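Participant: no sequence for this one, just the structure:
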């Protein structure tokens, strides 16, 4: 439960819908998760709201980047989509069938704090990708609004404020309470793709019936690039600017829990879900590739190059320009409305993705502030950030393209690295070589995009720094919480506990395991009895905690019982010694109805150094930290386990 210190009505409003959202998005055995599953083609429409909506601005951006070479550069993009991104994410779907995505694959490759830091950096790029999706899509939707001939002239100079209004409306949807509407996505994508078929088919027909236009384009192409190999080289150089057409793959695997599998699917091996997700990715990639090639060729041949420039009628809306020119203003307006709707809903998809991925990682690391667990405060923060970015870029689609492409390319590159390392770990030599080549191509593309348009890295750096700082502050402030999800005693541990209950008071000596021989336990027992005046006829237990991965936050404690040299010992592994001890003491109290006693020896040294060790390594000065964790977990001192330090 989120600790929001405010009046009950506001607190309820902040948290309303949180449990529903969690149940809808979680995989597992919940009926709500099963009810939320849909046929793969419907889920494709949900991801396609973001992916297919790039048709609203991709042809124009390609024309600006490559000029008359735009069709050839787009072919390069399609080849990399079908032969690069698609195979990568088909493997991600196989190895991450519950929607964790490529970030989770990389997280498993690195342990301790290095893995957590890598995830935080990647989350910075995720935030860049999703937030810029919101701002860029809203800005392009605005471009379709102000360029429509039926719109009042007073709105023609309102690019900035209309974009801000659209972002505010998007935030309002989530503040009211948002459930991913598959049905709405199906309608939007179906209508939008149908209209694009009409527009592109009409444009291609004009190209076919006007061969002079094609000849003029060819002459201009040869005049600017007389060497065919030079054409290919230039297309490869400008390709990174077209990387917006690769968006949507990470979203495709993140929504896997929504994809309906086959009746015999199990959670560990959902073969039907994996197969249908791969079908989703393939269908979306083929559909988008066909639209990208035909639309790029038609817009390049039919639209004068000056119209693509800032201020031109086709800037950011090339297909809409053709719709008005060849099909009339009425059809063009219908096309504009459909484009505006899908672009706006693409922002909703990005917002939902951001709201889902932040709670998926940061709370598990203990690196999320309290408000990050609630949807509505996070919506407000994301909307405010989107406002700031819109103001910085003055709602310009082209200028935001670099930042968007950076986020997309870094995520795809990280997925490529993940599957390459996975193939190497599984000793799949051919797959390893193929994925390595793809990885190198995406790394080149990413680096070239960063060099050409550094704004994306600057924005990503802002998000990375903000996420790392808030995460570390949150981890420090939450370090004294009771961070154990469950305590499980095995049969031997339960027998030891039952015997201690029958003997009277439950007295436990905390021991740092070393040699674990009879001398160690004998000396520790003597020291504890002398310092704390424990009668010799009182039975004692030993409690030993071994540090596992100190960078983990929440854990399940598996307590094992053992008899060694005549002493009864409870052993466990945990990211934090003090937290584990506190959790076991509370569990013993709840199970037995008795207040257990725990005995420590003072630790010699600098308290500040021990504090840092506790935060980073999970040990430090155990006694005072254990007592503080118990105090916070149990405010009633009469029910709190007793801590003794000698």
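Facilitator: Great, that's in hand. Bear in mind that the values here come from a model prediction, so they are computed numbers and not experimental data. Numbers count the residues shown, from 1 in each chain.

Participant: Each with direction, which strands does the helix or strand encompassing residue 557 pair with?
Facilitator: Take DSSP states H and E as the rule and residue 557 turns out to sit in strand 555-564. Strand 555-564 sits in its sheet next to strand 484-489 (parallel), strand 567-574 (antiparallel), going by DSSP bridges.

Participant: which stretch in those strands is the model least sure about?
Facilitator: Mean pLDDT values for the strands paired with strand 555-564 show the minimum at strand 484-489, a mean of 83.

Participant: next helix or strand past that one?
Facilitator: Using DSSP H and E, the next helix or strand after strand 484-489 towards the C-terminus is helix 491-503.

Participant: So for that next one, what gets flagged as buried?
Facilitator: For helix 491-503, burial by neighbour count (16 or more other CB atoms under 10 Å) applies to 492-493, 496-497, 500-501. C-beta here means a position set from N, CA and C on the backbone, and glycine is covered the same way.

Participant: Which secondary structure element is home to residue 220?
Facilitator: Per DSSP H and E: residue 220 is located in helix 211-224.

Participant: Pull out the buried positions in that helix.
Facilitator: Across helix 211-224, burial judged by 16+ other CB under 10 Å covers 217, 221.

Participant: could you say what helices and strands that helix packs with?
Facilitator: Other elements packing on helix 211-224 under the criterion 3 or more CB pairs under 8 Å, 6 or more residues apart in numbering; DSSP states H and E are helix 182-209, helix 271-302.

Participant: so of those, which one's packed in deepest?
Facilitator: Scoring the helices and strands packed on helix 211-224 by mean neighbour count under mean count of other CB atoms under 10 Å gives helix 271-302 as the most buried, with a mean of 21.

Participant: For it, what is the distance to the chain centroid?
Facilitator: Distance, stretch centre to chain centre, for helix 271-302: 23 Å (CA atoms, centre = their mean, to the nearest Å).

Participant: repeat for stretch 449-466
Facilitator: Centroid separation for stretch 449-466 versus its chain: 18 Å, with CA atoms, centre = their mean.

Participant: Give me the contact list for that stretch.
Facilitator: 120-121, 123-125, 127-128, 131-132, 240-241, 243, 389, 399, 401-407, 409-410 (CB atoms under 8 Å, 6 or more residues apart in numbering).

Participant: In helices only, show me those residues.
Facilitator: Those of the contacts of stretch 449-466 mapping onto helices are 120-121, 123-125, 127-128, 131-132, 389, 399, 401-407, 409-410, per DSSP state H.

Participant: buried set for the helix or strand hosting residue 107?
Facilitator: Using DSSP H and E, residue 107 falls within helix 101-109. Residues of helix 101-109 classed as buried by neighbour count (16+ other CB under 10 Å): 101-107.

Participant: again with stretch 394-405
Facilitator: Residues 395-405 are the ones in stretch 394-405 that count as buried (16+ other CB under 10 Å).

Participant: Figure out how far it is from the centre of its chain.
Facilitator: Offset of stretch 394-405 from its chain centre (CA atoms, centre = their mean): 21 Å.

Participant: Can you tell me how far residue 49 is from residue 114?
Facilitator: To residue 114, residue 49 is 36 Å away according to CB to CB, to the nearest Å.

Participant: Of those two, give the one with the bigger neighbour count.
Facilitator: residue 49 (28 against 11; other CB atoms under 10 Å).

Participant: Now do the contacts for that one.
Facilitator: Counted by CB under 8 Å, 6+ apart, residue 49 has contacts 185, 188-189, 342, 345-346, 348-349.

Participant: give me that answer again for 6 Å
Facilitator: 185, 345-346, 349 (CB atoms under 6 Å, 6 or more residues apart in numbering).

Participant: Point me to the helix or strand that includes it.
Facilitator: Judged by DSSP H and E, residue 49 forms part of helix 40-51.

Participant: how big is the angle separating that helix from helix 271-302?
Facilitator: Put simply, helix 40-51 runs at 40 degrees to helix 271-302, going by axes from the mean of the first three to the mean of the last three CA atoms, to 10 degrees.

Participant: Next secondary structure element downstream of helix 40-51?
Facilitator: Following helix 40-51 in sequence, per DSSP H and E, is helix 58-66.

Participant: Packing partners of that next one?
Facilitator: The contact analysis (3 or more CB pairs under 6 Å, 6 or more residues apart in numbering; DSSP states H and E) places helix 58-66 against helix 70-80, helix 271-302.

Participant: Out of these, flag the one nearest residue 152.
Facilitator: Comparison of those against residue 152 by CB to CB identifies helix 271-302 as nearest, at 27.5 Å.

Participant: now for that closest one, which elements pack on it?
Facilitator: Contact here means 3+ CB pairs under 6 Å, 6+ apart; on that basis helix 271-302 packs against helix 40-51, helix 58-66, helix 70-80, helix 86-95, helix 182-209.

Participant: Of all those helices, which one is nearest residue 575?
Facilitator: Closest among the helices and strands packed on helix 271-302, using CB to CB: helix 86-95, at 25.4 Å.

Participant: any idea of the angle that closest one forms with helix 101-109?
Facilitator: 60 degrees.

Participant: Please work out which residues outside helix 86-95 touch it.
Facilitator: For helix 86-95, the surrounding residues in contact (CB under 6 Å, 6+ apart) are 102, 105, 249, 253, 274, 277-278, 281, 285, 415-416, 419.
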